Each structure stands twice: as C-alpha cells, then as structure tokens.
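Trainee: Predicted model and sequence follow; I will ask about them next.
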Amino acid sequence: MDESRRLFLEDLLAVPSPSGFETRGQRVWIDYVETFADSVTVDDYGNAVATHEGGDGPSVAFAGHGDEIGLIVRRVEDNGYLRVGRIGGTDRTVTRGRRVVVHADDGPVSGVVGQTPIHLRDGEDGPVDVDKQYVDVGADDGDRARELVDVGDPVTVASEGVVDLAGDRVSARGLDNRVGVWAAAEGLRRAATADVGATVHAVATVQEEVGLQGAKMVGSDLDADAVVAVDVTHAGDHPGLDAGQQTPVELGAGPVVSRGSANHPVVVETARVAAAAADVDVQLQAAGLRTGTDADAFYVADGGTPALNLGVPNRYMHTPVEVVSASDLTATARLLRAFAERAATRESFAVDV
C-alpha cells in the first residue's frame, strides 16, 4: 500500500463513526473521492455515492459501510456516572476497564468504563451486560455530568489509531468497515484511472451495523446492474476457536468471494474470472442463509439486483484491536478494478434459465 492510500485509511480510522453518527467519517470519504469521481451525491441520511461515467456497458457499484459499533448514553445518574447502551453488536466482554470518548456536542469528553478491581470481587466474574456497565467521566455529581454530556451522545472506545504489527498486518478499532469504504473508493479510483467502459459507482453506506439500513435506503435509487458489497469477514486462523467456528479464511491469502444466498452466481463467476485475469488470489466462503452484510439488502433492492459479498479477512471482529493484512486490502482494490473491466464486456448479469 503506497503512502497516499495508507494516509487515506488512517484518516478514515481517525474519526469516530458510530451508526447514526457517521457524518465526520463520510466527509473524509467524500473529500477523497471528489478528486477523481465525475460526480458525488449524498442523501438525507448521509449515504454517499461517487460515480465514474463509463461507456454503454452495464453499471456496477462497489459498496462499503462507513459506520462502526459503539455505545450510547442512555442515562446520566445523580451520582455523575453514565449508563450506556449498545450501538450495533458491541461486545460486552471488551468494554470494561477501557478508556472511552463521549462525543458530546461541545466536544469530546474522556471517560472510563468502570471495572471492580479483582481484589474486591468474589468468586468467578462473568461478563456483565452493557446496560449494567457504567462510564465514569470524573464528575462529582449528576449536575456536573449533565454539563458535559447529554442523553443520546455516542461513545467509542479510545483508540491509538493504526498500529503496525509484524509483516504487513495492521490493527485498529473500526477496521470493520473502514476497509470496505477504503476498498470501494480505491476500486473506483483505479477504474477511473483506467477509464473502464462500465459506469462505476463507489458507495459509502450508513447504519449497516444496526440492520443494513443505509443500503436499504440507497439500493433502490442506485440503479446498478450489479453490486459488490465489500465488508470484513472472520479469519479463522487464530487460537481460541473450536472446530465448529474455524473457517478456511486466512489473513494474507487474498479477498474472500462468498457463494450462496445473496451472492448472484453470475457476479460470483465474473469476480473469480476477473481475479484470475488480474493475478489476484481469492478465497471462497459459503453463505447458505445470509451474508450478514449490505449485500443482503442490495440484492433484493429495486426488484432484485445481482450482488456479491466480497470479504476482507479480519481477526478479532468487533473489538478495539481488529487485525487485517494490508496486502489483502490492495488485492481487493485490484480485484474491483478487474471486475469493472470485465463488467464492461457483459450485456447483463442475468442468469441463463
């Protein structure tokens, strides 16, 4: 990954973007794609679409979701502590004893999620539900706490930003799914640079983590002939997984093409052929019921739109220390450009019945 693309990823990861509060992250994405897209549009909820106007071939869309999981202030208690709830699938086992940031209207407020010291706990200490956890912002009482924050303010775990591990591995909070919007933008940039014959849209959706809501909003108006939804997928190459949880997906082995469910067979085949032509190694993954990604919304939009879930292998999903391989990100962008080039030669993505 070259310096400019790495900086774009770091800029995306530097801003908090919990579901329902994505504005700052969407702005970073828009500022980047405006430098090479023919047009950029944004709807009332913040879904953003950047477009390269190609020739007369089919139009394709590369989509990622710009939101992340987090917490939200549910109540400010008279003793000054904050009670919180989930935004999306926040893991109750990784929040206690962590520094957090409350994103208040007047600016960020630092806090910590309280954890009773081990010396004072009796017996086994199991996971505590998020709604029973609390945030300490240092306020002596409720009046002082209410001067700092309001009910409904979003909260994210404090992050060191992008941390480089050995090799090409990087760790950060929110790689789910900044890597997806990064890849969508980079796929568009590469397609525009090559002036591919297909019209190509890059899409940054909102509120995926709370039910694929942004994809439902934008899917009907997008009018693409095929959609590739780029999201993270579980890497099964680390300890702690039992036999039923293990998958063949590995970090560094390339993007993951899903098969079954929302994944349209012609789009799947087009992606696999494009990958081979571009010398991009891909991994395969089964999706018998659903993908759990924006692909599940896009493929039923507008009477049915051929779709594919393209995965970026990710360790430790929905924690503040997610890990991906930079080579997988670059390979994903290369595959998207190759997919756009091949799409330009097709008449349609319809199945032959």
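Mentor: Okay, I see it.

Trainee: in this structure, what spans have low per-residue confidence?
Mentor: For the chain, the stretches flagged by pLDDT under 70 are 123-124, 243, 246.

Trainee: Which parts of the stretch 101-250 of the chain are helices?
Mentor: 142-148, 175-193, 213-222 (DSSP state H, counting those that start in this stretch).

Trainee: same thing with the stretch 251-353 of the chain?
Mentor: Taking DSSP H, counting those that start in this stretch as the criterion, the stretch 251-353 of the chain carries its helices at 265-277, 295-298, 326-343.

Trainee: how about JSON lines for these, with distance to Gly219 and mean neighbour count added?
Mentor: From N, CA and C alone the C-beta is placed, and that goes for glycine too. Shown next, in JSON lines, are these (distance: least, CB to CB, whole Å; neighbours: other CB atoms under 10 Å):
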{"stretch": "helix 265-277", "distance to Gly219": "15", "mean neighbour count": "18"}
{"stretch": "helix 295-298", "distance to Gly219": "5", "mean neighbour count": "27"}
{"stretch": "helix 326-343", "distance to Gly219": "18", "mean neighbour count": "24"}
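
Trainee: for those helices, which one sits closest to Arg173?
Mentor: helix 326-343 (16.6 Å; CB to CB).

Trainee: send the alpha carbons of the closest one over as CSV?
Mentor: C-alpha atoms of helix 326-343 as CSV (Å, rounded to 0.1, in the frame of the first residue of the first chain):
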residue,chain,number,x,y,z
ALA,A,326,-2.5,-4.6,4.0
SER,A,327,-1.9,-7.0,1.1
ASP,A,328,-5.5,-8.2,1.3
LEU,A,329,-6.7,-4.6,1.0
THR,A,330,-4.6,-3.9,-2.0
ALA,A,331,-5.6,-7.1,-3.6
THR,A,332,-9.3,-6.3,-3.0
ALA,A,333,-8.9,-2.9,-4.8
ARG,A,334,-7.1,-4.7,-7.7
LEU,A,335,-9.9,-7.2,-8.0
LEU,A,336,-12.6,-4.4,-8.0
ARG,A,337,-10.9,-2.7,-10.9
ALA,A,338,-10.6,-6.0,-12.8
PHE,A,339,-14.3,-6.7,-12.1
ALA,A,340,-15.2,-3.3,-13.6
GLU,A,341,-13.2,-4.0,-16.7
ARG,A,342,-14.8,-7.4,-17.2
ALA,A,343,-18.3,-6.0,-16.5
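
Trainee: Centre of the chain to it, how far?
Mentor: Relative to the centre of its chain, helix 326-343 is centred 17 Å away, using CA atoms, centre = their mean, to the nearest Å.

Trainee: which other helices and strands contact it?
Mentor: Applying 3 or more CB pairs under 8 Å, 6 or more residues apart in numbering; DSSP states H and E, we find helix 326-343 packed against helix 3-14, strand 59-65, helix 175-193, strand 226-234, helix 265-277, strand 307-314.

Trainee: Domain-wise, how is the chain divided?
Mentor: When the chain is parsed with automatic domain parsing, its domains come out as 3-68+173-343, 70-157.

Trainee: Please identify the deepest-packed of those.
Mentor: Highest mean neighbour count of the domains of the chain: domain 3-68+173-343, a mean of 21 (counted as mean count of other CB atoms under 10 Å).

Trainee: Let's see the distance spanning that domain from one end to the other.
Mentor: 29 Å (CA to CA, to the nearest Å).

Trainee: and what of stretch 54-71?
Mentor: Taking CA to CA, stretch 54-71 runs 41 Å from one end to the other.

Trainee: ok, what's across the strand from the nearest residue to Ala224 once chain neighbours are set aside?
Mentor: Leaving aside its sequence neighbours, Ala224 sits nearest to Ala61 (CB to CB, 6 or more residues apart in numbering; 4.0 Å). The bridge-partner assignment for Ala61, based on DSSP bridges, gives His201, Val227.

Trainee: So Ala61 sits against Gly219, correct?
Mentor: No - if you go by CB atoms under 8 Å, Ala61 and Gly219 don't touch, sitting 9.2 Å apart.

Trainee: tell me, what's touching these two both at once?
Mentor: 227, 298 (CB atoms under 8 Å, 6 or more residues apart in numbering).

Trainee: Look up phi and psi at Glu22.
Mentor: phi -90, psi 0 (degrees, to the nearest 10).

Trainee: Touching, it and Gly66? I think so.
Mentor: Yes - using CB under 8 Å, Glu22 is in contact with Gly66, at 5.2 Å.

Trainee: which residues are common contacts for these two?
Mentor: Common neighbours of Glu22 and Gly66 (CB under 8 Å, 6+ apart) are Val206.

Trainee: any chance of the helices of the stretch 251-353 of the chain in CSV, plus distance to Met317?
Mentor: Shown next, in CSV, are the helices of the stretch 251-353 of the chain (distance: least, CB to CB, whole Å):
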stretch, distance to Met317
helix 265-277, 22
helix 295-298, 17
helix 326-343, 14
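
Trainee: Out of the ones you listed, the one nearest Gly55 is which?
Mentor: It is, among the helices of the stretch 251-353 of the chain and with distance given as CB to CB, helix 326-343, at 10.9 Å.

Trainee: Please find the angle between the direction vectors of the closest one and strand 226-234.
Mentor: 160 degrees (axes from the mean of the first three to the mean of the last three CA atoms, to 10 degrees).
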